[in-house]
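**Student:** Quick one: sequence and predicted model below, then my questions.
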Amino acid sequence: MFQILVILLILLILSMVVCVLASCKKNVQNCRNVVHLIWMAIITSACYTAFILVPVGHHRLATFLDGLYFLSTDWLAVYLLLFTVAYTRVEPPSVLPRRVIGFLAGLDSVSLAVNTFTHHMFELEAAVNEKLKITYWNIQLKPLHYVHRVFVYTIVMYSLAALLYRLVKAPRMYKMRYMGLLAQLVGVAGVNFLCYIMDAQFDYSVILYASMALSVCYFTLYASPRVLLERMHSTIIRDSVIGFIAYDENGKCIDINPVARNFFPDSDDLHGAAEKYLERWEEEHEGNAGGIMGEDRKITRGNAQMHIYVTYQKFTDEKGRVLGSCFQFEDRTEVVRKFKEEQYRITHDMLTGLLNRNAFEEEAEKVLADAKEPYYMVCSNVKDFKLVNELYGADVGDRLLIAQAKMITAALDEKTVVARIFADKFCILMPKERFHEKEVYEQIEALRKLDLVSSFKLHYYIGVYEIRDVTEPVWTMYDKAIMAIDTMRGNYGQTICFYQDELLEHIMKEKEVLGEFDRAIEERQFHMFLQPQIANDNSIVGAEALVRWIHPERGMVSPGLFIPTLEKAGLIHKLDLYMWESAARKLEEWKKSGIEKYSISVNISTKDFYYLDICDTFRELAEKYDFDIKKLKLEITESALMENIQENMRTLDGLHALGYEIEIDDFGSGYSSLGMLKDIHADILKIDMIFLQETKNVERSSTILKNIIAMSKELGMPVITEGVETKEQVEFLVTVGCDMFQGFYFARPMLVEHFEEQYCDEQTA
Ligand code: C2E
Ligand code: CA
Ligand code: CA
């Protein structure tokens, strides 16, 4: 019996050591308290085992070891308390009780240790059990020992109370863990108390320490509430946004959550419908071994289409036997919608709904890759669209663009690709035979009629590039169509322009002009040439100042090659200022030399009106140079005057007030020639050379010329005809009453020095 007890104690100690070592590795809440508690149980059991093994005759050692055992029960109780407080979270109200308990435990420990010599708490005496034939230590308790017992029992009672409290309060599924520990503790305390009152030879409660330590370890560190887990799982499945159907090994539906129910809305027998669904799935995926399968499916609910991702999973045991299966249905309608929306946003222009720049390239490449017929790249651009936004607001500008987009898309079919590339630039890739100029003009007319920008003269430029090499980069094609547009800029007369290879050359030349312009002005490469103007009595009355660019490498460049470029780039006013000043300076010089007979006519470009205050400029010139104002004549083309008639009339009045004379240049080349004469107060009419150059309708031209001259006579305006090349022309013009002439017949434009040599010497002479 004694040996069995000893062996049992040793085994239990060993099992507790294993248990404590395993627990040390765990990193869970309350682990430290558990480990401390078990270590204390090991020490207590070891002390007790050592004590009962002390042979008779070693009285003091036995007393010491028994004292040590009692002492360790103090600390075992203390650690039990710490553990229960942490486990049940039934805390003492302040730290004071802890300190008191620690102090009392320390005091009791000292007392028990000293007892080896003083025997004031207990005394041992060797006794013999005749029946069992063993010797054992009989203990005689002294009154002070009861203090120790009361202390230990109080702590145990508190722990019991805490566990009981939790047992009552806890939800059902948690009661087990408190109940288990409570039972163990009641067992230990009960056996210990029984041993004491029955005056047993051994304290059998020690045996229970080990089992208590093990169950503490199990409940705190290992036991997870299965019921809780199961309940959590089933709640998650029930409330999940994912549809879920579970089947047993025979395909019988065993669970279907609310979301999955929605997939069988018209069915009275949900489980039956779910089973049929599985059957169909298996038919469709016959030969598929299983595991997890997933696929996207579209289903129709009412009028809406839903995108569902279906996952099918089979569960098997270790031998591969099917245990059951389940479907999961994930509603991806929203994800797909957002994805499509995002795709749309990336590839479309939000304002017009047309493709955007990036998508255009991709789509155009696709269409051209299987193009079987010739294609055009067509680009459109609104002249001065920036002005539309500034004058009428971005909202009106937007509406105009939307209207244009609608119009384009309505007229085209699937073989075309339409995009808004940027601002007012639209681009269309279309079969060549679908492009009809008439249709384009009709559309533009319809846009004008929308009357979004009432007083603004909407002008569209359409650049067309015929694609000959479909492998050419899309943006090169686009650039070529834009190049065609660029050549029309500033030109109201033209709407459609087809790209030609010469355009590229032209554009390169324009770039060259613009690149060199500033330096050319600085280095005075521009020169004033003069072309004499002759009165009908053969006398020279003056000259027109015509610019020539004497380029250091290219020699003389005629204005036709750079004036339109400078006008387009908004630079012409710089050149004109230079020319006007040259003319004024020359007139001053002539005046000083006594040559006061000749006038000089200078050209004023349409664009000068945008960039300069013409009146101010000419006032300053008159102030700066000393010349007879009447001798500096100003040539303004009729189209320049017509552009902004009200404003220009004011400018003309201002110039007249300063004393300048105005010539209407290129008269007859525009559209509104005759009508304008009654409104515009000009001094001289300069008839365009077109009437003289006309070879087909000589009769008609002569009649018109005759009438223009007659009419201007009536209005009191002298007439000068330019482009006079032959004697016959002169004779004819004289007969119809023309006052002055300018043309190669008399002289070509010449260097000022040549003019002076030819005409001034003779005058001063
Ligand atoms: P424009 O003002 O009509 O000038 C008359 C043009 O006709 C000049 O051409 C002149 O050389 C040319 N011409 C004169 N007589 C005859 C003739 O009998 N037969 C033919 N076929 N042509 C004749 P140019 O000098 O080449 O100037 C062309 C245009 O360039 C000018 O037309 C004018 O619009 C512009 N231009 C010339 N110089 C200036 C300038 O300093 N400023 C501005 N803004 N424009 C200028
Ligand atoms: Ca002129
Ligand atoms: Ca002219």
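**Tutor:** Okay, I see it. Ligands and ions are numbered 1, 2, ... in the order given.
**Student:** Looking from ligand 2, tell me which residue of the stretch 151-300 of the chain is nearest.
**Tutor:** Nearest residue of the stretch 151-300 of the chain to ligand 2 (CB to the ion) works out as residue 298 at 73.3 Å. Quick note: C-beta positions are derived from backbone N, CA and C, even for glycine.
**Student:** Tell me the secondary structure at that residue.
**Tutor:** Secondary structure state of residue 298, per DSSP: H, G, I helix; E, B strand; the rest coil, is strand.
**Student:** pLDDT weak spots in this structure?
**Tutor:** Counting by pLDDT under 70, the chain shows low-confidence ranges at 26-29, 93, 95-96, 223-227, 289-290, 490, 670-675, 694-695, 762-765.
**Student:** could you redo the last one with a cut-off of 50?
**Tutor:** Within the chain, the segments meeting pLDDT under 50 span 763-765.
**Student:** Quick one: name the residues of it near ligand 2.
**Tutor:** By the rule CB under 5 Å from the ion, the part of the chain lying against ligand 2 is 603, 635, 665.
**Student:** Leaving out chain neighbours, which residue sits closest to the second one?
**Tutor:** Same thing as residue 635. Computed as CB to CB, 6 or more residues apart in numbering, the closest residue to residue 635 that is not its neighbour in sequence is residue 665, at 4.0 Å.
**Student:** Helix or strand: which one has that neighbour?
**Tutor:** Here residue 665 sits within strand 661-667, counting by DSSP states H and E.
**Student:** which secondary structure elements does that strand contact?
**Tutor:** Here strand 661-667 is seen to pack against strand 632-637, helix 638-643, helix 645-658, strand 684-687 when contacts are counted using 3 or more CB pairs under 8 Å, 6 or more residues apart in numbering; DSSP states H and E.
**Student:** returning to that earlier point: so what's the residue count around the residue nearest to residue 635?
**Tutor:** Using other CB atoms under 10 Å as the criterion, residue 665 is surrounded by 26 other residues.
**Student:** correct me, but it touches residue 603?
**Tutor:** Yes: the pair residue 665 and residue 603 passes the contact test of CB atoms under 8 Å, sitting 6.9 Å apart.
**Student:** Now do the shared contacts for these two.
**Tutor:** Taking CB atoms under 8 Å, 6 or more residues apart in numbering as the criterion, residue 665 and residue 603 both touch residue 635.
**Student:** Pull out the buried residues from stretch 436-444.
**Tutor:** Judged by neighbour count using 16 or more other CB atoms under 10 Å, the buried positions of stretch 436-444 are 440, 443, 444.
**Student:** Who are the packing partners of the strand or helix carrying the last one?
**Tutor:** For residue 444, the element it lies in under DSSP H and E is helix 437-449. Helices and strands in packing contact with helix 437-449 are listed as helix 394-411, strand 460-467; criterion 3+ CB pairs under 8 Å, 6+ apart.
**Student:** Kindly recompute the last result at 6 Å.
**Tutor:** Counting contacts by 3 or more CB pairs under 6 Å, 6 or more residues apart in numbering; DSSP states H and E, there are no secondary-structure elements packed against helix 437-449.
**Student:** what angle do it and helix 394-411 make?
**Tutor:** Interaxial angle, helix 437-449 versus helix 394-411 (axes from the mean of the first three to the mean of the last three CA atoms, to 10 degrees): 150 degrees.
**Student:** Now find how far off-centre helix 437-449 is within its chain.
**Tutor:** 37 Å (CA atoms, centre = their mean, to the nearest Å).
**Student:** what's it in contact with?
**Tutor:** 407, 458, 460, 462, 496 (CB atoms under 6 Å, 6 or more residues apart in numbering).
**Student:** Make TSV out of those residues and add distance to ligand 1.
**Tutor:** As requested, the contacts of helix 437-449 are arranged in TSV below (distance: CB to the nearest ligand atom, whole Å):
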residue	distance to ligand 1
407	37
458	27
460	26
462	27
496	25
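**Student:** Would you state the helices of the stretch 451-600 of the chain in chain order?
**Tutor:** Ranges of helices in the stretch 451-600 of the chain, per DSSP state H, counting those that start in this stretch, are 474-486, 501-522, 563-568, 572-592.
**Student:** The spatially most central residue of the chain is in what secondary structure piece?
**Tutor:** Central residue check for the chain by CA atoms, centre = their mean: the C-alpha nearest the mean position is that of residue 346, 9.2 Å away. Assessed by DSSP H and E, residue 346 sits inside helix 333-347.
**Student:** so how far is that helix off the chain centroid?
**Tutor:** Relative to the chain's own centre, helix 333-347 is displaced by 14 Å; criterion: CA atoms, centre = their mean.
**Student:** buried residues in that helix?
**Tutor:** Buried, per 16+ other CB under 10 Å, within helix 333-347: 336, 347.
**Student:** Return the alpha-carbon coordinates of that helix using CSV.
**Tutor:** Coordinates of the C-alpha atoms in helix 333-347 are reproduced here as CSV (Å, rounded to 0.1, in the frame of the first residue of the first chain):
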residue,chain,number,x,y,z
THR,A,333,-22.9,41.4,-60.2
GLU,A,334,-21.7,44.5,-58.4
VAL,A,335,-18.1,43.7,-58.9
VAL,A,336,-18.7,43.0,-62.6
ARG,A,337,-20.7,46.2,-62.9
LYS,A,338,-17.9,48.2,-61.3
PHE,A,339,-15.3,46.5,-63.5
LYS,A,340,-17.3,47.4,-66.6
GLU,A,341,-17.8,50.9,-65.4
GLU,A,342,-14.1,51.2,-64.8
GLN,A,343,-13.3,49.8,-68.2
TYR,A,344,-15.7,52.3,-69.7
ARG,A,345,-14.1,55.1,-67.8
ILE,A,346,-10.6,54.1,-69.0
THR,A,347,-11.6,53.8,-72.6
